[in-house]
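Chemist: got a sequence here, can you model it:
(2 chains)
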Protein chains: 2
Amino acid sequence: MIAELLKGKKVVLASASPRRKEILKNVGIRPLYIPSNIDEEMLDIPPYKLVMMHSENKAKEVAQHLDNKCIVIGADTVVVLDGKILGKPNSKYQAFDYLEKLSGKKHLVYTGVTICYKKIVKTFYEKTSVEFDKLSEFDIENYVETRESFDKAGAYGIQGFGSQFIKKINGCYFNVMGFPINRFYQEIKKILMK
Amino acid sequence: MIAELLKGKKVVLASASPRRKEILKNVGIRPLYIPSNIDEEMLDIPPYKLVMMHSENKAKEVAQHLDNKCIVIGADTVVVLDGKILGKPNSKYQAFDYLEKLSGKKHLVYTGVTICYKKIVKTFYEKTSVEFDKLSEFDIENYVETRESFDKAGAYGIQGFGSQFIKKINGCYFNVMGFPINRFYQEIKKILMK
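Modeler: Residues are numbered from 1 along each chain as shown, chains lettered A, B, ... in the order given. A predicted model of the protein is given here:
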C-alpha cells in the first residue's frame, strides 16, 4: 500500500486542490501542500501533452525550493469535449454553457502527474471517459446555484451534487476527481523500489 | 436535481450502510434510516435477480410499517467473480482469500434498488465492471489490517484505502459504492412526474 511505501518519507503536493487532498487522505497520506505559482497556459497542443507540461512545471517549481529527498507531486486536470478543452468557468453564464454542452454526451478527462524525487522527474497521464446524463435546464440552473462549478475544470464535480448526473465512466474514477491514485501507486513503486 | 424533486417528501432508506448514507448526503438528501430485518439469503439464481429480490424484500418490509406517502428505498449490492458471488467476509482469512482472488482480475458489481411509493413498487439494478490491479501479498496483508474489508461485499471498499488498487471501472462508480445515484434519479423522476 502507498502509505507503507511512503512511511518516513517527506511528501509534498504542489497543489491546493481539496479533491487531491481528499484522495491522498483516503489512502493514509498527509503531504505538505505547497501550491505552485505556475500559470496554466492554454497552448494549442494535445490535452495529454498539456496536462503533463503543467504538472511538470508545477512539481519542478516547488521542488527547486526543497531538499531533494522530498517526494514532490504535481498534477493538472482538464476536461475535453469534442476536442476542445473546458477549463474552470469564470462566471455563472460560462458554467451554464459548459454544462449545457456536456449534457447527454461523452467527454474525456485527462490528468497529468509529475513525481520529482532526488534526480528523477517522472511524468505520466491518465485518461477517463465520462458519460453525462441529459440535463434539463432546471437541473443546470439548480446545479450552478450550488456553486460547485466554480473551481472545477468543465464546471462539474463528480463527487458532490454532480454525482447524480454521471451515467457511467470508463477508466479511473479518481482521475476524474483530479488524481489517478492507482497509477500513482504503480509509478511511485517503480521509483522507490529501484 | 434529486434534492429539488424530493423537497417536502418523506424519504426512508431501508439500509444502515454508511456508504449509501454518504452518496445520498452528497446530493443533499438526508433520509430516515430504517434497516430492515431481512436475511440476505444466497439462492442459486443470477446475481441481478438476487440483488433485486433482496432490495425488494428490504424496501417492502420497511414500507409496510409506514405511511404510504413515504418514499422507501431498498438496496442490495454483491460482488461477482467468475460467476461466483463474494459476500461480506466473515474472518481475516476469508478477506485475504477474496482479495487474492480479485487481484489482477476484472469482476462485476451488481446493485439492486427498490423504490416503494404509494401503490408503486419499482425495482431495477445496475452493473459495473471493476478491474483490480495485481496485489502483492504485502498489499493484501496491510489492507486487511486496516479492517476496511469487514462490512463490505468482496472484502474491499472502492472509496477508502481500496481506491489505490482499482485500475479502472466501466459503469457507475456509485453503484460500486452501493447505490447507483444517477439511475435512481432517472427512476424517481419517472415515478414522481407521472
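
Chemist: every contact and neighbour count from this point should use C-alpha atoms.
Modeler: OK.

Chemist: C-terminal to the helix or strand harbouring residue A:114, which secondary structure element comes first?
Modeler: Element membership for residue A:114 (DSSP states H and E) is strand A:106-117. As assigned by DSSP H and E, the chain's next helix or strand after strand A:106-117 is strand A:120-132.

Chemist: by contact count, what packs against the strand holding residue A:114?
Modeler: In terms of contacts (3 or more CA pairs under 8 Å, 6 or more residues apart in numbering or on different chains; DSSP states H and E), strand A:106-117 is packed against helix A:47-63, strand A:71-81, strand A:120-132, helix A:173-177.

Chemist: what about the shortest one, distance to the chain center?
Modeler: To tie it back to what came earlier, the one meant is helix A:173-177. Averaging C-alpha positions (CA atoms, centre = their mean, to the nearest Å) puts helix A:173-177 7 Å from its chain's average.

Chemist: mean confidence for the strand holding residue A:114?
Modeler: Over the span of strand A:106-117, the pLDDT mean works out to 98.

Chemist: may I have that strand as PDB, with CA atoms only?
Modeler: Provided in PDB are the C-alpha atoms of strand A:106-117 (Å, rounded to 0.1, in the frame of the first residue of the first chain):
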ATOM      1  CA  LYS A 106     -19.400  11.600 -23.500                       C
ATOM      2  CA  HIS A 107     -16.300  13.600 -22.700                       C
ATOM      3  CA  LEU A 108     -12.700  12.900 -21.700                       C
ATOM      4  CA  VAL A 109     -10.800  13.800 -18.500                       C
ATOM      5  CA  TYR A 110      -7.000  13.900 -18.600                       C
ATOM      6  CA  THR A 111      -4.800  14.200 -15.500                       C
ATOM      7  CA  GLY A 112      -1.100  14.700 -15.800                       C
ATOM      8  CA  VAL A 113       1.100  13.800 -12.800                       C
ATOM      9  CA  THR A 114       4.700  14.500 -12.200                       C
ATOM     10  CA  ILE A 115       6.800  13.000  -9.400                       C
ATOM     11  CA  CYS A 116      10.200  14.700  -8.500                       C
ATOM     12  CA  TYR A 117      12.500  12.700  -6.200                       C
END
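
Chemist: note down every partner strand of that strand and its orientation.
Modeler: Here strand A:106-117 is paired, per DSSP bridges, with strand A:71-81 (antiparallel), strand A:120-132 (antiparallel).

Chemist: chain B contacts on chain A?
Modeler: Contact residues, chain A versus chain B (CA under 8 Å from any CA of the partner chain): A:1-2, A:26-28, A:133, A:138-139, A:142-143, A:159-174, A:181-183, A:185.

Chemist: now for residue A:106, how many residues are close by?
Modeler: 18 (other CA atoms under 10 Å in any protein chain shown).

Chemist: sorry, that was for residue A:192
Modeler: 10.

Chemist: same deal with residue A:158?
Modeler: With other CA under 10 Å as criterion, residue A:158 counts 18.

Chemist: got a pLDDT number for it?
Modeler: Reported pLDDT for residue A:158: 96.

Chemist: for residue A:189, give its distance to chain B.
Modeler: Using CA to the nearest CA, to the nearest Å, we find residue A:189 at a distance of 12 Å from chain B.

Chemist: wait, that residue touches residue A:5, no?
Modeler: Yes: counting by CA atoms under 8 Å, residue A:5 is a contact partner of residue A:189 at 7.5 Å.

Chemist: now what about stretch A:10-23, what contacts it?
Modeler: A:30-36, A:58-59, A:62, A:69-75, A:174, A:177-179, A:181 (CA atoms under 8 Å, 6 or more residues apart in numbering or on different chains).

Chemist: with that, I have no additional questions.
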